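**Q** One predicted model, sequence on top.
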Amino acid sequence: MKKFDYLKPTSLDEVFSLMEKFGSNAKLIAGGTDVMVLLKRKRIFPDVLISLRSVPNMAYIKDEKDKIRIGSMTTHRELETSTVIKEKLTALYDAVINLGSVQIRNVATIGGNIANAAPSADTACPLLVLDASCLLISSKGEREVELKDFFIAPGETVMKQDEILKEFIIPKPSKLSGSAYWKLSRRKAMDLPILGVAISLAMNEDKSIKKARIGLGVAAPTPIRAFKAEEFLTGKFLTDEVLAEAGNIASKEASPRDSIRGEAWYRREMIRVLTKRVATISFKRANIV
Amino acid sequence: MVDFVGKDILRVDAFDKALGSILYGPDQNIEGALWLLAKRSPYPHARILSIDTSQAETIDGVVRIFTAADIPGENSFGIIPVTKDQTLLAKDKVRYIGDAVALVAAYDLKSAKEAVDKIKVNYEELPAIYDPEESLKKGRILIHEKGNLLCSSRIIKGDIEKGFSNADIIIEREYRTSRLEHLSLEPEGGIGYFEDGRIVIIASTQNPHYDRDDVARLLGLSPDKVRVIQCGTGGGFGGKLDISVQGFIGLAVYHLKRAVRMVYSREESFLTTAKRHPLIMRYKTGAKKDGKLTAVKVDIIGDTGAYASYGLAVIMRATVHATGPYEVENVYVDGKMAYTNLPWCGAMRGFGVPQIAFAHESQMDILAHELNIDPIDIRLINAFKKGSVTATGQRLDHSVGIKESLYKIKEIRDKYSWSKKKGERLGTYIGVGVGSMWYGIGNTGVPNPSTAQVELLPDGSAILYTGAAEIGQGSDTILLQIASQRLGIAIDRIKLVRGDTLYTTNAGATSASRQTYISGNAVMDSIDHLEDILKAEASEQMDLPSSELIVKDGKIFSIKDSSKSIDIFELVKICNKNKVRVIGEGRFDPPTIKLDPETGQGVPYATYAFASQVSRVEVDTFTGFIKVLNSASAHDVGKAINPKMVKGQITSGVAMGIGMALMEEFVPNKTKSLKDYYIPTSMDMPEIIPIIVEDKEPTGPFGAKGVGEPALIPTAPAIINGIYDAVGVRITHLPANLERVIGELLKKEGA
């Protein structure tokens, strides 16, 4: 592992000035569960690590009138133990309780999980289907980017070199809506998903689908939305045939590959299976009587 | 009266392990020790044209670079004396990706790494072979000069054709298993230095005396010029039976006469240490309508990878155990082990029996379903009993607890009404599977003695000397319990000297589930000898013939007049005063008869462990995910010296077996580390009910046999048979991972 300096600024202004000073020789570190692995595996060679840990007011879950705001430094464990997340953002809850292990969840942050931009990031699919936006800030100001427009390629996002990911802004799910996430993996802890599927459904009173969101992880170079399948579902009633077709469409939208973790044909098949399963769970959670 | 055998004594190393005060191989360090790092082959098969170390030698911090030319003795090692075919540093050829070609000694690891990168090796690539059947075809390129067949093994009993013609039903299937990684808690590591004219090596190992002998052979030294000390070993599972860092450390100390240190990274451990042999097993099983087996014919082809290691032992053990624990009149088993240019395979918990049990237990399950017989009943119909004759012609006269183990798991299954049904979630089904096994204790048909010494001290304490490596399985505690019980001295009054070739004698490897039975007996024998010594001394002191003396409760009594006695420690004081140490020397070699090379007839083992397991599994037919819900395993261990530790072994075997059954697969040249090799976590564990069956073995210490490897063996078959019970698909290739289960389900749906 290369030698590096470890800096621990205590304000955002200090973070920005350090980022400006070191430029591309610096790497931001939050919980460190991804960055330290990248360092040890010699995938990155920063001169300086800038830790966000001592910057105040970066870890929070704010339950506002029509939005939920999650600070980027919020750990998975904090999300897991929050009743707001458990009750209102159920897909995200499904994701955080199955990530790594408690030890990892104690340090790994939601901002790090997204900014690392791995196709397998567990929280990406739920945030995608919950219509989350990312608040990016720099010394010059701030901007909001919808998560669906955030990822560019594995490890690459729209964030500029002087920006940091400050928070996620999630519209509060409407009544008659439900969301869920299914992590398919070989074992029940300490594992990345072979495939992750998140779905949120907002229903009409007549049990037809008002709005559907489908997020797929490890199904393409970045976490993706299955827009065509979403469109297909809109206005329809959840029958076996409709779900099967939605699964087929979603499966075609994906471009999974063969890897040591899983085979492409299996992933494609499982998109069909899990679209149906996760949609059914989301529908149940919408609590339409 | 002390009573230590059969009691849940706390492990003697429990506190030190819990406190983290035991130093394992990678923890070993000496101030100023040089780091060693090996340069390894990037090709699976290539001729070495030249090695240029000149550039690497100029790097600051590099002390010396060794190649094959620096090896003073025989540049070949291997645990089985007749198949030492592995080079410490490759001379002419490399045979797998990872073969060591040079060794760097440097002041720090960074310089060593730099030097490894700068060593230039000029190779001529050769065609490589990855398939064992391909490897055995005529005209293929040779991996070793003597040919690509490492060895073969055959068992012939009765008339196989007659057996099939008498059968009402014949089941033919092919089974395959995968390469597996042992994944000990800590990777290989250790230190070495020069002291008193000797090379001293402290390393994690399962076999200090073998290490000493093979390192001495590599260096052209007599074994007494090498001293191996076993340090804390957090796990072996067979992976630390071969030498790893020991040979390199020995070579560096030989030349440099200074302290060195070598630790494998997890990646290096994955790449360059032994794996479990993948076996292809073709079974043909004949039975009568009532379930009685008439014939078993098996063809086994194993892939030993680039080197022999324990390949010979694995194929012999697989053939000997191929019938399973059942009476079969007509048997024909043919086993072959082939070289390939893949990572080499060696010993791994069970030596081929976990693989073969998966096959024979799948066959039994198919028969049960075809003949509509309860899977436990069909095993009871065929199971060995006292007086049964095995496929090698051995009559089992004692300690045959297989039926008892089946009754025990039947009780559990019926008590909790474990049976096939739908699961709670849509698309999930629950099924129940059974697996049985037998396992010969000790090495197959060859002498494999253990020795031990017990010394009495005048202060009323004792010392037990044993070469038996403690690798987490608990032999330290078990041997002390045996010594304590037999001596009548409290366990905390016996000091243990273990695994140091300077102070202890050869106990053989901690493998083949042999230490309780064989080293336990050596301890018993040493105390017999000790008593003879004491009686001889007492005979002089008491002026009575030895034959009229008995040892009881720490005293020696006259048989005729119990008022005449002398305390044994009084005798020790007298002896010590005369400069005589009171040490009993013990030895035990299990009585075996070498197998006939043509027919495999003989007595491969003095005794066998038996076990049966029932596992309840849930299959998600949509994703292929298997969840093991409950498991009950009944093991005939002869006598549980420490029941709690036996239960610990059984539980660990189920845990490891779940990995083998469902997720573990080392894909050569793809699997690099823990990031792509899956072992189950605590979250994947079912409820485990360990059951001890004690059908005492008259030749065992207090009736004990062994449990270390048996614990693992019935797990994979029970799970695989459970999957069939749940959803009607039979997985014939381990592991039953998500893709294989879904693949089979889709095939069934299509049919």
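**A** Everything's here; your move. Numbers count the residues shown, from 1 in each chain, chains lettered A, B, ... in the order given.
**Q** Would you report the backbone torsion angles of B:His277?
**A** For B:His277, the backbone dihedrals (degrees, to the nearest 10) come out as phi -70, psi 130.
**Q** From what I see, it and B:Gly352 are in contact.
**A** Yes - taking contacts as CB atoms under 8 Å, B:His277 lies within contact range of B:Gly352: 6.4 Å. For the C-beta atoms, the positions are set from N, CA and C on the backbone; glycine is no exception.
**Q** Any chance you could list residues touching both of those two?
**A** Counting by CB atoms under 8 Å, 6 or more residues apart in numbering or on different chains, the contacts common to B:His277 and B:Gly352 are B:Gly302, B:Val314.
**Q** what packs against the helix or strand harbouring B:Val333?
**A** Assigned by DSSP states H and E, B:Val333 belongs to strand B:330-339. Judged by 3 or more CB pairs under 8 Å, 6 or more residues apart in numbering or on different chains; DSSP states H and E, strand B:330-339 is in contact with helix B:132-136, strand B:149-157, helix B:160-165, strand B:293-305, helix B:311-320.
**Q** Out of these, flag the one nearest chain A.
**A** Proximity to chain A (CB to the nearest CB) singles out strand B:293-305 among those, at 19.4 Å.
**Q** those strands in the stretch 101-250 of chain A, which residues are they?
**A** Listed in chain order, the strands of the stretch 101-250 of chain A (DSSP state E, counting those that start in this stretch) span residues A:133-138, A:141-146, A:151-153, A:156-157, A:164-171, A:177-184, A:195-203, A:209-217, A:224-225.
**Q** looking at those strands, which is buried most?
**A** Comparing the strands of the stretch 101-250 of chain A by mean neighbour count (mean count of other CB atoms under 10 Å in any protein chain shown), strand A:195-203 ranks first with a mean of 28.
**Q** what lines up beside it in the sheet?
**A** strand A:177-184 (antiparallel), strand A:209-217 (antiparallel) (DSSP bridges).
**Q** Could you export these as CSV, including mean pLDDT?
**A** Formatted as CSV, the strands paired with strand A:195-203 follow (pLDDT from 0 to 100):
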stretch, mean pLDDT
strand A:177-184, 97
strand A:209-217, 98
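**Q** wait, what's in contact with the spatially most central residue of chain A?
**A** The residue lying closest to the centre of chain A (CA atoms, centre = their mean) is A:Ala124, at 1.7 Å. Neighbouring residues of A:Ala124 by CB under 8 Å, 6+ apart: A:Asn113, A:Ile114, A:Leu147, A:Phe151, A:Gly196, A:Gly215, A:Gly217, A:Pro223.
**Q** rerun at 6 Å
**A** Residues near A:Ala124 by CB atoms under 6 Å, 6 or more residues apart in numbering or on different chains: A:Gly217, A:Pro223.
**Q** okay, it: pLDDT?
**A** With respect to pLDDT, A:Ala124 scores 98.
**Q** which element is A:Glu87 on?
**A** Using DSSP H and E, A:Glu87 falls within helix A:83-88.
**Q** what angle sits between the helix or strand following that helix and strand A:177-184?
**A** Following helix A:83-88 in sequence order, the next helix or strand is helix A:90-97 (DSSP H and E). Following axes from the mean of the first three to the mean of the last three CA atoms, to 10 degrees, one obtains 30 degrees for the angle between helix A:90-97 and strand A:177-184.
**Q** Give me the helices and strands touching helix A:90-97, please.
**A** Judged by 3 or more CB pairs under 6 Å, 6 or more residues apart in numbering or on different chains; DSSP states H and E, the packing partners of helix A:90-97 are helix A:76-80, helix A:83-88, helix A:124-129, strand A:177-184.
**Q** show me where the stretch 51-200 of chain B has helices.
**A** Along the stretch 51-200 of chain B, counting by DSSP state H, counting those that start in this stretch, helices occupy B:54-57, B:109-118, B:132-136, B:160-165.
**Q** What residues of the third one count as buried?
**A** In this case it means helix B:132-136. By 16 or more other CB atoms under 10 Å in any protein chain shown, the buried positions in helix B:132-136 come out as B:Pro132, B:Ser135, B:Leu136.
**Q** The shortest one too?
**A** By neighbour count, with 16+ other CB under 10 Å as the criterion, the buried positions of helix B:54-57 are B:Ala56.
**Q** How about stretch B:215-235?
**A** Here stretch B:215-235 shows B:215-219, B:221, B:226-235 as buried, counting by 16+ other CB under 10 Å.
**Q** Give the burial count for A:Gly235, as a bare number.
**A** As a burial measure, A:Gly235 scores 12 neighbours (other CB atoms under 10 Å in any protein chain shown).
**Q** re earlier: of all the helices of the stretch 51-200 of chain B, which one is nearest B:Pro680?
**A** Among the helices of the stretch 51-200 of chain B, helix B:132-136 comes nearest to B:Pro680, with 28.0 Å by CB to CB.
**Q** quick check: mean pLDDT across the closest one?
**A** For helix B:132-136, the mean pLDDT works out to 97.
**Q** Check stretch B:419-429 too.
**A** Rounded mean pLDDT across stretch B:419-429 is 94.
**Q** And the contacts of that stretch?
**A** With contact meaning CB under 6 Å, 6+ apart, stretch B:419-429 is reached by B:Ile430, B:Gly431, B:Glu618, B:Val619, B:Asp620, B:Thr621, B:Phe622, B:Asp725, B:Ala726, B:Val727.
**Q** All the strands of the stretch 101-250 of chain B, residue numbers only.
**A** All strands of the stretch 101-250 of chain B, identified by DSSP E, counting those that start in this stretch, fall at B:120-125, B:149-157, B:169-176, B:189-195, B:198-203, B:226-230.
**Q** Determine which stretch of those strands is the most buried.
**A** Of all those, as judged by average neighbours under mean count of other CB under 10 Å, the leader is strand B:226-230 with a mean of 26.
**Q** Just the CA trace of that one, in CSV.
**A** Listed next in CSV are the C-alpha coordinates belonging to strand B:226-230 (Å, rounded to 0.1, in the frame of the first residue of the first chain):
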residue,chain,number,x,y,z
VAL,B,226,16.7,-29.3,11.8
ARG,B,227,14.3,-28.5,14.6
VAL,B,228,10.7,-27.8,13.9
ILE,B,229,8.4,-26.2,16.5
GLN,B,230,4.7,-26.1,16.0
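**Q** Give the other helices and strands that that strand contacts.
**A** strand B:198-203, helix B:208-219.
**Q** The ones you listed: which one's closest to A:Val35?
**A** Nearest to A:Val35, of those and by CB to CB, is strand B:198-203 at 34.3 Å.
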